[in-house]
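3D, please:
(one chain, ligands or ions: 2)
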Amino acid sequence: MSSTKGLEGITATQSQISSIIDDKLTYVGYDIDDLTENCSFEEVVYLLWNLKLPNEEELASFKAELAEEMAVPQGIIDHLKSYDLSSVHPMAAVRTAVSMLGLYDNEADEMTEEANRRKALRLQAKISTIVTAFGRIRNGEEPVSPKKELSFAANFLYMLNGKEPEDIEVEAFNKALVLHADHELNASTFTSRVCVATLSDVYSGVTAAIGALKGPLHGGANERVMKMLSEIGEEDNAIPYIKEKFANKEKVMGMGHRVYENGDPRAKHLRDMSRQLTSITGESKWYNMSVKIEEFIKEEKGLPANVDFYSASVYHSLGIEHDLFTPIFAVSRVSGWLAHILEQYSNNRLIRPRAEYVGPDKQTFVHLEERS
Ligand SMILES: CC(=O)SCCNC(=O)CCNC(=O)[C@H](O)C(C)(C)COP(=O)(O)OP(=O)(O)OC[C@H]1O[C@@H](n2cnc3c(N)ncnc32)[C@H](O)[C@@H]1OP(=O)(O)O
Ligand SMILES: O=C([O-])CC(=O)C(=O)O
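Numbering: from 1, shown residues only. Ligands and ions are numbered 1, 2, ... in the order given. Predicted coordinates:
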């Protein structure tokens with residue numbers, strides 16, 4: 001028996017949700033470029049969960065259902081208020097709060113497809129409220145209730161900042177949500193499928209996935225990209241900084257990808273948004289610095305920028321605190337996790353691979369009192 005480190009290149013399941021073939025990303029067969037340019041995030045969530053784009057009537061009722069579910073139980077708000085949030089990473093708080101949602105849902109362990117779809121809707125709606133409530137509570141502000149007439153993207157920014165966002169902000173944020181919604185069998189999605197393949201519940205699957213997304217090799221990279229750009233400070237420092245990283249054999253966050261060879265098709269959209277937004281905020285240096293780094297690493301190592309690279313300067317330009325970048329990834333990706341969870345339930349088999357044993361063999365047992 002031989003093993004493949006990191007399961008690279010292993011096809012672990014079949015899925016109808018999204019695909020990456022020859023560096024091209026599609027959701028249910030639709031090119032990511034078309035969806036990003038033309039769709040609201042709600043349309044994309046509907047697509048992922050129903051494997052078809054909604055018509056106008058279906059979209060209107062889906063939006064209304066989502067808006068109806070956005071309030072979170074007061075117990076969760078009280079829980080967030082009971083901590084010293086200054087030292088808590090938001091991803092830890094979101095992971096715990098999402099797990100708590102299951103305690104308030106009397107359908108949590110109801111396993112019919114209808115009940116699981118209802119829970120999916122609740123989770124998708126409430127995670128946005130949880131992340132924004134966290135962002136406000138830790139700054140000593142009261143959470144802001146969602147407005148039913150706003151889109152999902154607009155509501156997020158409204159609940160976070162307490163004022164209605166500009167159109168250009170909503171457009172950029174909506175695109176970012178669409179771009180992050182699903183990505184085949186990435187680490188967090190795989191985690192969610194492994195979890196629910198034991199026939200555990202939806203809340204457990206999403207909580208597990210948030211834990212996987214938190215790590216710096218996955219969703220946690222976007223926050224660290226902004227930390228890096230801030231450390232670099234000025235454009236002229238960018239290349240010497242990266243050279244030093246290479247000399248120390250450190251990874252550059254937001255660069256490289258397990259699946260894409262020539263480039264992540266989501267990066268160009270985020271690059272464009274970064275250029276546009278940083279020029280509006282008068283901080284083009286973040287964009288210029290990012291381009292220099294991307295070009296240098298492409299040339300030196302052949303590594304492409306991934307989705308986390310330019311999302312950092314996009315979210316920064318929207319005035320979002322840096323440690324909320326990964327929770328925002330979760331607000332979008334929960335749509336993909338839920339699609340995969342529903343797909344897993346619909347044709348389930350326990351996921352249980354093997355490990356190649358490489359430990360010691362044929363050991364002679366020694367009783368406790370005789371061991372040195
Ligand atoms: C939403 C997302 O999850 S996108 C990914 C977000 N993560 C990041 O941006 C973190 C930085 N990137 C990485 O760590 C990696 O590129 C990953 C985790 C994304 C993919 O990793 P893998 O396919 O496992 O590649 P692996 O880590 O084995 O790297 C292969 C080689 O490329 C190098 N490499 C890969 N990524 C980078 C990087 N970002 N910076 C510098 N070198 C890198 C490795 O050092 C290794 O070199 P070696 O063969 O000389 O030892
Ligand atoms: O697919 C991956 O390995 C990581 C990624 O880009 C994502 O989850 O969006």
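
does stretch 293-304 reach ligand 2?
No: judged by Cβ under 6 Å from any ligand atom, stretch 293-304 makes no contact with ligand 2; its nearest approach is 10.8 Å. To be clear about C-beta, it is placed using only N, CA and C from the backbone, and glycine gets the same treatment.

give me the contact list for that stretch.
Outside stretch 293-304, the residues within contact range by Cβ atoms under 8 Å, 6 or more residues apart in numbering are 238-239, 242, 246, 252, 255-257, 260-264, 267, 271, 305, 309.

select only the buried ones of those residues in ChimeraX?
Entered in ChimeraX, the line below selects the buried ones among the contacts of stretch 293-304, by 16 or more other Cβ atoms under 10 Å:
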select :238,239,242,252,255,256,257,260,263,264,267,271,305,309
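
among the contacts of stretch 293-304, which lie within strands?
Residues of the contacts of stretch 293-304 located in strands (DSSP state E): none.

out of the contacts of stretch 293-304, who's near ligand 1?
Answer for the contacts of stretch 293-304 near ligand 1 (Cβ under 6 Å from any ligand atom): Val252, Met255, Gly256, His257.

could you pull out the buried residues of the strand or helix carrying Pro327?
Taking DSSP states H and E as the definition, Pro327 sits inside helix 325-346. By 16+ other Cβ under 10 Å, the buried positions in helix 325-346 come out as 325-345.

before we move on, what about stretch 164-180?
Buried, per 16+ other Cβ under 10 Å, within stretch 164-180: Pro165, Glu169, Val170, Ala172, Phe173, Asn174, Lys175, Ala176, Leu177, Val178, Leu179, His180.

do that stretch and ligand 2 meet at all?
No: judged by Cβ under 6 Å from any ligand atom, stretch 164-180 stays clear of ligand 2, getting no closer than 6.5 Å.

which residues touch that stretch?
Contacts of stretch 164-180 (Cβ under 8 Å, 6+ apart): 32, 35-36, 39-41, 44, 150-154, 156-158, 266, 269-270, 273, 276-277, 280, 307, 311, 314-315, 318, 328-329, 331-333.

and stretch 61-78, by the same measure?
Residues outside stretch 61-78 that contact it (Cβ under 8 Å, 6+ apart) are 42, 45-46, 54, 97, 100-101, 104, 121-122, 124-126, 128-130, 133, 137, 143, 145-146, 148, 151-152, 155.

can you rerun that using 6 Å?
42, 46, 97, 100, 104, 121-122, 125-126, 129-130, 133, 146, 148 (Cβ atoms under 6 Å, 6 or more residues apart in numbering).

can you name the two of those residues that are farthest apart?
Maximum pairwise distance in the contacts of stretch 61-78, criterion Cβ to Cβ, is 26.7 Å, between Tyr46 and Met100.

who has more neighbours out of these two?
Shown here are Tyr46 and Met100; by other Cβ atoms under 10 Å, Tyr46 has more neighbours (22 against 19).
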